[in-house]
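In: Build the 3D model from these lines:
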Amino acid sequence: MKNPLSGLPGEIWYQILLSVIDAPWVLDTTVPAEGCFWHQQDKYHNESTYNIAEMHRRNLRLVCRAWRDFADEHRFRWITWDPKPIVHDTSRRTRDAEEALGVHAPPCLSPGGWAVAASRSMRRTAARPLRILISVKNNRDLGILRNAVYFSFGRLTTLFINCRASYGNAIFDLLIQNSPLLPCVRCLMLKHLDFTGTPLAYISTAFPKLTGMTLEGGTLPHNSDDYLILPQAESLYFDFETMDGMNCANWRVPSLLRLSVPILRNDNGQEDAEVFTCLRLHGSNLRFLHINYAENVKLPDSIWTWCPKVTEIVTSFSVVSLPPIPSNHPAQYFVHIVNHDAPAHELMASGWMSPQEAPKLLGNIDKIPKGSLLVVGIQTWGACWSGEMHHLRRATIQAFWSLISETCTTKNIRLENESKQTYQEYLQERADNLSLASLTLDPSTTA
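Out: Predicted coordinates:
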């Protein structure tokens, strides 16, 4: 009997093999809008998922020559270059990065004669992405980045650059001037770059098909002439101290689903009005809203009208006050970022919160709809009172979180940490451990 697979076209086999070596989330440039994104975002950085995909890829090499060529074509899909001084890393990931980025080759100053070769290779590019994170700390790293840009052959879909401020202008100019060599970039993350002029406009022109952009640290100039036009952008993260001086009316981001913005008070004591302008103009399709750098502010009642589809809000609910949430609004996931910025002399038995902030957290919980999920941004509950605190203070902190937990229970709100452990589960686990320890130490229980 003839094998039905023997007649499959090569294109179908190609797609089958791609699915075998796929690494969901890790190599994707868009993510699902459903569910709690705060819990799901770690999938994007899950090395285990990628390692399993790499194991499958290496196994394909053993089947036949054609499959070996396919597997080799898809090497180096996720590369990280962040060498530590003194420590010599010989891991597989580091060796892959060195080979993929040409670390041991002399850095190039310009594309020059390689432009034709690059364009030919781009026509042969694989369907799967290549994700690169490069940390630029010195001139050698900058040369490695140049090589990555000049010889990427159009495969890059996710580019994350972390740098020292002194290299920011050179890096930004490199990316903008050579964007034709990076036609597949969909996620761009730039950390610690001090921008000048109209950087958002340059990014819009150089990378018009971005689905995600993160600008973290550094500075963004106050320039009302700057604009942002990214029709396919689903995620925008602005990790600056303020958006004051920007002009969100010049933005065109119709596909925006996730937004991270700061809210600070200006010298006149007023909240950053540009943030509210941004939400009013671009919040109609938002599902995820992260408010960072927050001070004691109250969100306007209109936010639920501006953002009628938002399901998840992330902020420090000890300083940001929610307005009443309409009963028909879909908001159901709330992530509390524990406020580390309270002065040390104000720290009290409510964890990291000052006396003025604790009631605000309780007040916000009272506004959260019944049946919602409240995530506290810590990995373990014990982190609330770890360190050298006096045992009396520790007991008071535990009592405070017990009060929070009881308040949530009365409203059928699930209170959990980033590990998805509820506070009640933690208390039960702690009691079981103490009971086991007491049995171990009790002489009457030992032979």
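In: On the pLDDT front, check Arg308 for me.
Out: Actually, residue 308 is Pro rather than Arg. Predicted confidence (pLDDT) for Pro308: 97.
In: Repeat that for Arg394.
Out: So Arg394 comes in at 68 (pLDDT).
In: what's the answer for Ala358, then?
Out: At Ala358, the pLDDT recorded in the model is 62.
In: how about the helices in the stretch 301-447 of the chain?
Out: 303-306, 358-367, 391-410, 423-441 (DSSP state H, counting those that start in this stretch).
In: Buried residues in the longest one, which are they?
Out: Spelled out, that is helix 391-410. The neighbour-count check on helix 391-410 (16 or more other C-beta atoms under 10 Å) flags Arg394, Thr396, Ile397, Gln398, Phe400, Trp401, Ile404, Ser405, Thr407, Cys408 as buried. Heads up, the C-betas are built off the backbone N, CA and C, glycines and all.
In: Return the set of buried residues in stretch 186-203.
Out: 186-193, 195, 198-203.
In: re the thing from before, could the buried residues of helix 391-410 go into a markdown table alongside distance to Leu159?
Out: What follows is the buried residues of helix 391-410, written out as a markdown table (distance: C-beta to C-beta, whole Å):
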| residue | distance to Leu159 |
| --- | --- |
| Arg394 | 45 |
| Thr396 | 47 |
| Ile397 | 42 |
| Gln398 | 45 |
| Phe400 | 43 |
| Trp401 | 41 |
| Ile404 | 41 |
| Ser405 | 42 |
| Thr407 | 44 |
| Cys408 | 41 |
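In: Just the closest of the residues you listed to Val320, please.
Out: Among these, Ile404 lies closest to Val320 (C-beta to C-beta), at 16.4 Å.
In: Could you report the neighbour count for Asp173?
Out: Other residues within reach of Asp173, judged by other C-beta atoms under 10 Å, total 11.
In: typo on my end, it should be Leu215
Out: Neighbour tally, Leu215, other C-beta under 10 Å: 23.
In: Please confirm that it is located within a helix.
Out: No - going by DSSP: H, G, I helix; E, B strand; the rest coil, the assignment for Leu215 is strand, not a helix.
In: close enough to count as contact, it and Asp194?
Out: No - if you go by C-beta atoms under 8 Å, Leu215 and Asp194 don't touch, sitting 11.0 Å apart.
In: could the helices of the stretch 301-447 of the chain be laid out in TSV, adding distance to Leu130?
Out: Converted to TSV, the helices of the stretch 301-447 of the chain look like this (distance: least, C-beta to C-beta, whole Å):
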stretch	distance to Leu130
helix 303-306	38
helix 358-367	43
helix 391-410	44
helix 423-441	41
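In: so which of these comes closest to Trp381?
Out: That would be helix 423-441 among the helices of the stretch 301-447 of the chain, by C-beta to C-beta, at 4.2 Å.
In: Could I get the buried residue list for that closest one?
Out: Within helix 423-441, the residues that count as buried by 16+ other C-beta under 10 Å are Tyr423, Gln424, Tyr426.
In: Quick check: chain neighbours aside, which residue is closest to Lys411?
Out: Using C-beta to C-beta, 6 or more residues apart in numbering and skipping the chain neighbours, the partner closest in space to Lys411 is Lys370 (4.9 Å).
In: could you list every residue that touches the one you found?
Out: By C-beta atoms under 8 Å, 6 or more residues apart in numbering, the contact list for Lys370 reads Lys411, Asn412, Ile413.
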